[in-house]
Each structure stands twice: as structure tokens, then as C-alpha cells.
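Participant: I would like to see how this sequence folds:
(4 chains)
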There are 2 protein chains.
Amino acid sequence: MSTMAAVPTTPEARPEPRLGLRERKKIQTRQAIRRAAYRLFKEQGYDATPVDQIAAAADVSPSTVFRYFPTKEDIVLTDEYDAPMRAALEARPPDESPMESIRHSVLATLRYAFEHEQEDMAERARLLQAVPAIRARSNESMAESGQILAQVLCERTGRPSDDLDVAVFVGAVLGGFQAALMHWARHDGQEDLTGLMEQTLDVFSRGLTL
Amino acid sequence: MSTMAAVPTTPEARPEPRLGLRERKKIQTRQAIRRAAYRLFKEQGYDATPVDQIAAAADVSPSTVFRYFPTKEDIVLTDEYDAPMRAALEARPPDESPMESIRHSVLATLRYAFEHEQEDMAERARLLQAVPAIRARSNESMAESGQILAQVLCERTGRPSDDLDVAVFVGAVLGGFQAALMHWARHDGQEDLTGLMEQTLDVFSRGLTL
DNA sequence: CATCAATTGACAGTAACTCTCAAAAGGGAA
DNA sequence: TTCCCTTTTGAGAGTTACTGTCAATTGATG
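Facilitator: Below you'll find the model as predicted:
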């Protein structure tokens, strides 16, 4: 699940003394930029906050901001949960139904993500709802996850990699998740996202009958 | 279905003599800009074609281009099929299953769209595949259609307008359609989109079991 | 400490918009 | 046609998100 994570926890969280000063500084800079951005977005709004201002607030040059985050949207939502997600999916027994595999890996990844970062979730929800560019980026990110999902599923069911049925299946599931995500965002991130996802999966289990 | 249509046919196609000179000129200008853009995109690519160049090729000022199309992406895909789509949906018998209603209205709208414009479809497919910004716009547009769909469905089933199940249902269906659309784009718009959509709807009819 | 590689900041440039204002052109009445 | 009013257009200036280059700085290493 791509959109969930903004402050990557694995590499950023605690500056393990293993790393050299150089690496530690990089992590700090990244954090500083992100923190400054979140604060300013909250205070003034996303569009009203130029990157230059974020740079100034984080005490780095504008060039540096763009070196760390290729686009302004990426400051809000860059995550590293695609790899864990893929691993979780591939760890599932191959004879399990695709839907069941997805249910387990998505929920596990989501729980993992929530453990590591609850703070900015509400703000992220607000931005997701208010800023089209953020939404767009989130969707694109989800679609990439979808590619991975489809790939695994095609391998597992022995279908060609451009099989329409698999693509539709994955598209539908992700579409459902995205709807749940937006529902969550519409409620300002106050509801339990994991619960919403479970409810979403139930809709699918019922064969998508309203 | 939003993404399908770029050259709106209803208002643009034939300059009905009903309209005054003013209106006719507007339609011409709109067409001129779009045609110029499509030609240049085809020749040089989307990113390599600045709006100024499109303006020059269409013999209007850059300001005018932005007056007609709020963003560069909109030159590629602005459509007017949301209204017909909604009408088609609302014309369906209220006791019909949601999925069946959607099937009919989507296919009807799609057929209608295809009747009126086949020309640029291939180029549109190429752009949809190659340009992230276009894809993003297309998705956003689809999501808007989704809002309408969800609204109608909520009314029909007597649920509150922010019902999660309905949102998920709609999200899933649109996700499936989008997957089919991207499949079509990946094959450069050579396959029959209506056929792909029918196949997609079959996947749903089967209760989304792979 | 000296040297090398990675990181950074300053600067210049591009392109997508946005805003404002004056010129031009259609539409209708006298 | 002529005049007047409204809509449309173009010119120009300004903002902002990027991109690329180059020299200065700074951490790593022997």
C-alpha cells in the first residue's frame, strides 16, 4: 500500500550508530525538510507554501530540497512499503485464493505502517482530500503497487503477464481500497483505517453485491 | 466514462447555423487548438511541446489557449459524457441490480462516444500510457464520474450518501474499468475497447473470482 | 594532515500557469 | 450604416515548480 507512509521509518527513524556521519546527516536533512513542510502546509495550506519557503524553514537551499524529493508532492508521500508488501504477498501459500492472500498482506502491511507512524496521518488525510496533485500522486503510487500485485498473481495462476482478467481483478481491488482511503480522508483520518479496510474486504468477499 | 472523449462532439462537431458568429468562432478556435496540439504531440511528444508552440500553431495567443483549456492536460482529454452517462443511468429501471444498470449505461455511453470520434483514439491511448500527468487527469476525471455514480446508487438503495459499501462498490467497478482502459492503452488502442469493457463486466458478474 | 568523493548552495534557465488591462470584434438598437 | 455595449482576445509582467551546471564545502580514508 503506497500512500500510507510519508516518514519512512525503517531508514529514517533512529540514526543507528552503524551509519557514518554522512548518512546520519542525510537522514536528518530529510526529516528536517519533511517536518518543516508538514508544519507549513498545516499553517498555510499546500498551494500557499512555496518550496523556497520550506527550504528556508528547514535551513537548506532549494536545490537540496529537490535533491531529496523530486517533486513537492513527494515531500508528503514517499513510502517504502512496496517491498514489504510484496514480500508479505509472496510469503502466502500459493494455493490460497488471491483475495485471501491480498487480505492478509494488505492488513499486515497496513498494521506495520500504522505502528511506525501515527502522527502525521491526520494531516496526510487532509492533504489527500484537499490537494488534487497529492491525490494524483497517491493513485499513481497505488497503480505501481498494482503492477506488482498483478505480476505475482499472473505467475501464481500461470497466466500471461498482460492478462486482462487479472488486471481487472487487481484494478477492482485497488479501486475499492482507494475508495476506502478517500472515505477515511473525508473523515479527516479520524476513523480506524484498518477497520475500514476490513470492511472493504468484506464487500469483496460478498462477491461485490450491494 | 470520462476519459474517452477529447473532441467533444455534441457541441463542437457541426457548427449549427442556430449559433451566432461568436459561438461558431469559439468552436473553431477550440478545435484549432486541439488539432494543433494533437499534431505536435504526435510529432514531438507531449513534454517536448510547450503551450506557446501550440498557440503559435493554432494561430492564437498563449493566453487564449489557457482560456479555453485550464491546463495542458485538458487539451488532450476534456469530455462531456458525464451528463449523458448520468442520464443513461437514471433512465434504468430502479429495481434493476446496480451492476446491470452500470453495464448498460457504460456500454451505451461508450458506444455513443466511439460513434462520434474514432480518429484521435489511438493517439489518446498513446498519451494515456506515456504521460503520467494525462493519466492522473484521466483518473481524477473518472473519480468524478464515480461521485455521480455513487450518488445515484445511494439514492436508489436508500443509503446515506457517504456509505462505505457503496463507495467501495463504485471504486471497485471504476478500478476495473480503468484497468481495462490501461490495457487498451498498452495495446496502443488497437483492440476494441467496447469488447474489453464487456469482458471486464463479465469478470464482475462472476463475482470477481479469478 | 592530505587527498578524494560525496554533498551542498548559488545561479541561470525553462515552462506552466495567473492576473491585469487595453485593443478588437460581435450583437443589437436607432 | 452608425453608435454603443458586451464579450473575446492579446500583450506583458509575475509566480512557482522544476532542471542543469559549477564551484565551494565537508565527510571519509590512508
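Participant: any idea which helix or strand carries the closest residue to residue A:105 other than its chain neighbours?
Facilitator: Distances taken as Cβ to Cβ, 6 or more residues apart in numbering or on different chains place residue A:88 nearest to residue A:105, at 3.8 Å, with adjacent residues excluded. Using the backbone N, CA and C atoms, a C-beta is placed for each residue, glycine as well. If you go by DSSP states H and E, residue A:88 is part of helix A:82-91.
Participant: Over to residue A:147?
Facilitator: helix A:132-157.
Participant: Tell me if that helix is near chain B.
Facilitator: Yes: for helix A:132-157, a contact with chain B is found by Cβ under 8 Å from any Cβ of the partner chain, at A:132, A:135-137, A:139-140, A:146, A:153, A:157.
Participant: list the helices and strands that helix packs on?
Facilitator: Judged by 3 or more Cβ pairs under 8 Å, 6 or more residues apart in numbering or on different chains; DSSP states H and E, helix A:132-157 is in contact with helix A:72-76, helix A:82-91, helix A:98-116, helix A:121-130, helix A:164-186, helix B:132-157.
Participant: so which of the ones you listed gets nearest DNA strand D?
Facilitator: Distance to DNA strand D, taken as Cβ to the nearest atom of the strand, is lowest for helix A:72-76 among the helices and strands packed on helix A:132-157, at 3.3 Å.
Participant: Relative to DNA strand D, which residue of chain A is the closest?
Facilitator: Closest to DNA strand D within chain A is residue A:20: 2.5 Å, counting by Cβ to the nearest atom of the strand.
Participant: quick one: contacts for the residue lying closest to residue A:188 once chain neighbours are set aside?
Facilitator: Nearest residue to residue A:188, sequence neighbours excluded (Cβ to Cβ, 6+ apart): residue A:125, at 5.6 Å. Going by Cβ atoms under 8 Å, 6 or more residues apart in numbering or on different chains, residue A:125 touches A:184-185, A:187-189.
Participant: try 10 Å this time
Facilitator: By Cβ atoms under 10 Å, 6 or more residues apart in numbering or on different chains, residue A:125 lies in contact with A:181-182, A:184-191, A:193.
Participant: Surely residue A:60 touches residue A:34?
Facilitator: No: here residue A:60 does not reach residue A:34: they are 11.7 Å apart, not a contact under Cβ atoms under 10 Å.
Participant: which one of these two has more residues nearby?
Facilitator: Using other Cβ atoms under 10 Å in any protein chain shown as the criterion, residue A:60 and residue A:34 rank with residue A:34 on top: 23 against 17.
Participant: ok so, going back, among the residues of helix A:132-157 next to chain B, which one lies nearest to chain B?
Facilitator: residue A:136 (3.6 Å; Cβ to the nearest Cβ).
Participant: tally of neighbours for the nearest residue in space to that closest one that is not next to it in sequence?
Facilitator: Nearest non-adjacent residue to residue A:136, counting by Cβ to Cβ, 6+ apart: residue B:136, 3.6 Å away. Taking other Cβ under 10 Å as the criterion, the count of residues near residue B:136 is 18.
Participant: Quick check, pLDDT for residue B:136.
Facilitator: Residue B:136 carries a pLDDT value of 96.
Participant: Perfect, that will be all.
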